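Asker: task: produce atomic coordinates for the following.
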Amino acid sequence: MVLQWLSRRLAAYLTKPITSPSIRTSTYEALGKSLQPGDVLLVEGNARISVAIKYLTQSTWSHAALYLGPGCGLGDAANGEPHVLIEADLEQGIRRLPLSFYRQTHTRICRPVGLDERDIATLRTYALGRLGDQYDLKNVFDLVRYLWPTLPVPARHRHKLMVFGSGDPTRTICSTFIAEGFQLLRYPVLPIVESSPSGDPACRNGGPERFSLRPYRLFTPRDFDASPYFRIIKPTLEEGFDYRTIEWQDT
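Answerer: Next comes the predicted model:
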């Protein structure tokens, strides 16, 4: 009982914004036109926990949400706007959101390549089945220790600190929830890749590559950005950007 109360208070403290939102790099309209079902939307974030995650992962991105699109079974918001995103929130657990929730936020679209309708349906079924699961607050307690400047962590160890957690399959954090869904499809994010011996003395590991899955609990938001198997989509360029049309103030 006391632990639950403390967890709620801690979650409320960590989700308070402490910095100003970063400048968004595309218009909201362009973002909405560019997104496709199956896309991973990375978010910079400006809350206390966002700062900790960005510090530990040495990345711009502190949060990830899965875009499923309108008519995917997530329902509508109170204002009638369709819920199109599903994410793991620190206070509310896995929840659904309209795109406008991140209207003023610095985001990045990471797109898996080659998914068909069956893959999207599998991803959708998985995500809808996880609605209501709770955020892994054990992971949050681990993070809190590294919010204090008196406890510096060497850069080579920061990424490893994100793998802690309770191990309860009904509890998750934003990136592990999404990574687990893609691993159900056997779609790689950052897999373990080993090369077989080639038989050539001049090239020991030039043989066929063999892939194996990393545990999904090891994934952080930056991994979708770093993955060679996700295409980075920039909404401004998708709209047909032409630098000649820019109206500069000095001219």
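Asker: tell me the secondary structure at residue 71.
Answerer: Three-state assignment for residue 71 (DSSP: H, G, I helix; E, B strand; the rest coil): coil.
Asker: find me the pLDDT at it, would you?
Answerer: As predicted, residue 71 sits at a pLDDT of 88.
Asker: who's in contact with it?
Answerer: Applying CB atoms under 8 Å, 6 or more residues apart in numbering to residue 71 gives the contacts residue 82. C-beta here means a position set from N, CA and C on the backbone, and glycine is covered the same way.
Asker: quick one: it and residue 242, what's the gap?
Answerer: 33 Å (CB to CB, to the nearest Å).
Asker: just for the stretch 151-251 of the chain, where's the confidence low?
Answerer: Of all residues in the stretch 151-251 of the chain, those with pLDDT under 70 make up the ranges 151-172, 196-207, 251.
Asker: what's the following helix or strand after the strand or helix carrying residue 225?
Answerer: Here residue 225 sits within helix 222-226, counting by DSSP states H and E. For helix 222-226, the succeeding helix or strand toward the C-terminus, using DSSP H and E, is strand 230-233.
Asker: name the next helix or strand downstream of that next one, please.
Answerer: Next helix or strand after strand 230-233 toward the C-terminus (DSSP H and E): helix 235-238.
Asker: OK, contacts around the residue lying closest to residue 134 once chain neighbours are set aside?
Answerer: Leaving aside its chain neighbours, residue 134 sits nearest to residue 93 (4.3 Å; criterion: CB to CB, 6 or more residues apart in numbering). Shown in contact with residue 93 (CB under 8 Å, 6+ apart): 132-135.
Asker: and of these, the nearest to residue 45?
Answerer: residue 135 (14.3 Å; CB to CB).
Asker: next, count neighbours for residue 173.
Answerer: Burial of residue 173 is recorded as 26 neighbouring residues (other CB atoms under 10 Å).
Asker: touching, it and residue 135? I think so.
Answerer: Yes - with contact defined as CB atoms under 8 Å, residue 173 counts as touching residue 135 (6.4 Å).
Asker: how close does the closest residue to residue 185 other than its chain neighbours get to residue 88?
Answerer: The spatially closest residue to residue 185, leaving aside those adjacent along the chain, is residue 119, at 5.4 Å (CB to CB, 6+ apart). According to CB to CB, residue 119 and residue 88 sit 21 Å apart.
Asker: helix or strand: which one has the spatially most central residue of the chain?
Answerer: Nearest to the geometric centre of the chain sits residue 64, at 2.2 Å (CA atoms, centre = their mean). Following DSSP H and E, one finds residue 64 within strand 63-67.
Asker: what about residue 218, distance to residue 236?
Answerer: Residue 218 is 32 Å from residue 236, where distance means CB to CB.
Asker: quick check on the two: which one has the bigger neighbour count.
Answerer: residue 218 (16 against 13).
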